[in-house]
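A.B. asks: this is a predicted model, with the sequence first.
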Amino acid sequence: MVLLTCSTLGPAVDDVALRIPCLRVDAALAEAATRGGGRVAVLCTVATTLEPTETLFAKAGASTGATLDVTLVADA
């Protein structure tokens, strides 16, 4: 069994010790998008994902110098 989390629930699950593997569906995306540095545009479709998504991408891009533009696409 594996627990797969979304952007909104990811931070809460990261803080809990689980007996099963827990994967964030957006973590691999953040790593790949920021790997080369430069400007990274991230589009969110739900307001609750803005903060956790920006935090995740900022952490992933910290060592590459990536700059982020996280935007909510209303009514998407």
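C.D. replies: Happy to help now that I have it.
A.B. asks: next, count neighbours for the closest residue to V2 other than its chain neighbours.
C.D. replies: Setting aside the residues directly before and after it, V2 is nearest to P21 in space (C-beta to C-beta, 6 or more residues apart in numbering), at 4.9 Å. For glycine as for every other residue, the C-beta is placed from the backbone atoms N, C-alpha and C. For P21, the count of nearby residues is 9 (other C-beta atoms under 10 Å).
A.B. asks: per-residue confidence for P21?
C.D. replies: pLDDT, P21: 85.
A.B. asks: so it sits against L3, correct?
C.D. replies: Yes - using C-beta atoms under 8 Å, P21 is in contact with L3, at 7.2 Å.
A.B. asks: in its sheet, what does the host helix or strand of T71 sit against?
C.D. replies: Assigning secondary structure by DSSP states H and E places T71 in strand 67-72. Applying DSSP bridges to the sheet, strand 67-72 is found paired with strand 39-44 (parallel).
A.B. asks: buried residues in the next helix or strand after the strand it pairs with?
C.D. replies: Once the chain leaves strand 39-44, the next helix or strand it forms, by DSSP H and E, is helix 50-61. By neighbour count on 16 or more other C-beta atoms under 10 Å, the buried set for helix 50-61 is L50, P52, T53, E54, L56, F57, A58, A60, G61.
A.B. asks: list just the nearest of the residues you listed to V73.
C.D. replies: Closest to V73 out of these is L50 (10.9 Å), distances taken as C-beta to C-beta.
A.B. asks: tell me the contacts of the nearest residue to the closest one once chain neighbours are set aside?
C.D. replies: Residue nearest to L50 in three dimensions, not counting chain neighbours: C44, with 5.4 Å by C-beta to C-beta, 6+ apart. For C44, the contact set (C-beta atoms under 8 Å, 6 or more residues apart in numbering) comprises S7, L50, T53, V70, T71, L72, V73.
A.B. asks: where does C44 land on pLDDT?
C.D. replies: Confidence at C44, expressed as pLDDT, is 94.
A.B. asks: and after the lowest-mean-pLDDT helix or strand in the chain, which helix or strand comes next?
C.D. replies: Lowest on mean pLDDT, DSSP states H and E among the helices and strands of the chain sits helix 10-14, with a mean of 79. Using DSSP H and E, the helix or strand that follows helix 10-14 in sequence is strand 22-24.
A.B. asks: alright, calling it a day.
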